[in-house]
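# Have a look at this fold, sequence not included:
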């Protein structure tokens, strides 16, 4: 090879190697839940922080089976409607952030919670969500005129029936002009009791698994052992129903009384390089905006997996995927 061409050849090889290392995490982002603490700041402030790519407004706590739907945004607006949020949602979307309404959550509302009585009931709920939060028409839209980007399923109580029917019905509202995005937040133990059938439809664009409050599949905060988490991640990644897989984490120790908090430096040096090697890696989900004082800021530069931004000397190579 001519000496003059050698530097160019080496530069091309270097770029190809970097491309190979980052291909699985291209476009990866950070999702966060907002709405469950009045002291977490406004939705617009969360979006203008520059740390998030997806914001889940939490939660629509009761619906289905003839119940009057109940939106609970804690200290932000009780009771709903919360129409002042419309302009803030539009600001978020103007910044390229997808804003979704999260269904369910970890606590019951004044009603019986999220319970679907039948496939027909699921279709009725989908129509309600379309007309009141998405691209349809209603005289009583709780969040105002803003059109949300999609619906998040965070089902942790109630019934485990017909969530797949709800996913199909919501997906049916997608058009070439506007897609209805779907996300799910299952527990890390596979399969998730409530959302397994829904996730297996393959209709969910994002699955942010909650790797916390479950010792069987979370990081050992006191032991520093990541085996349970990485084994669970591998199982979830192999699921045919998962398109983009997110590592759901507490943004502070206080955010998850049941454990699973990972110090940001440990996440960056030991965990992210492993999970990023899986083709379905989509990013990190954080619970929640209130607890996220500096966590997203600390990990943001590394979520996309640029090999030039950190070293991987402490990564457990045995878990990595070629």
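Now that the structure is in, tell me what you want to look at. Bear in mind that the values here come from a model prediction, so they are computed numbers and not experimental data. Numbers count the residues shown, from 1 in each chain.
# what about the strands in the stretch 201-322 of the chain?
206-210, 245-250, 281-287 (DSSP state E, counting those that start in this stretch).
# Just the residues contacting the shortest one, thanks.
By that I understand strand 206-210. Strand 206-210 has contacts (C-beta atoms under 8 Å, 6 or more residues apart in numbering) with 31, 54, 181-188, 199, 232-233, 236, 242-248, 282, 285, 287. From N, CA and C alone the C-beta is placed, and that goes for glycine too.
# thinking again about what came up before, could I get the strands of the stretch 201-322 of the chain in a markdown table, plus columns for mean neighbour count, mean pLDDT and distance to residue 192?
A markdown table is the format used below for those (neighbours: other C-beta atoms under 10 Å; pLDDT from 0 to 100; distance: least, C-beta to C-beta, whole Å):
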| stretch | mean neighbour count | mean pLDDT | distance to residue 192 |
| --- | --- | --- | --- |
| strand 206-210 | 27 | 98 | 8 |
| strand 245-250 | 26 | 98 | 12 |
| strand 281-287 | 26 | 98 | 15 |
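# At the geometric centre of this structure, which residue sits there?
By C-alpha atoms, centre = their mean, the chain has its centre lying nearest to residue 208, at 4.1 Å.
# what's the distance between that one and residue 79?
To residue 79, residue 208 is 28 Å away according to C-beta to C-beta, to the nearest Å.
# what do you get for residue 174?
Distance of residue 174 to residue 79, computed by C-beta to C-beta: 31 Å.
# more crowded one of these two?
Set side by side, residue 174 and residue 79 show more neighbours around residue 174, with 16 against 11, by other C-beta atoms under 10 Å.
# Can you give me every residue that contacts the closest residue in space to that one that isn't next to it in sequence?
Sequence neighbours aside, residue 180 is the residue nearest to residue 174 in space, at 4.7 Å (criterion: C-beta to C-beta, 6 or more residues apart in numbering). Contact partners of residue 180, counting by C-beta under 8 Å, 6+ apart, are 130, 134, 135, 149, 150, 151, 170, 171, 173, 174.
# same thing with residue 85?
43, 57, 76, 77, 143, 144, 146.
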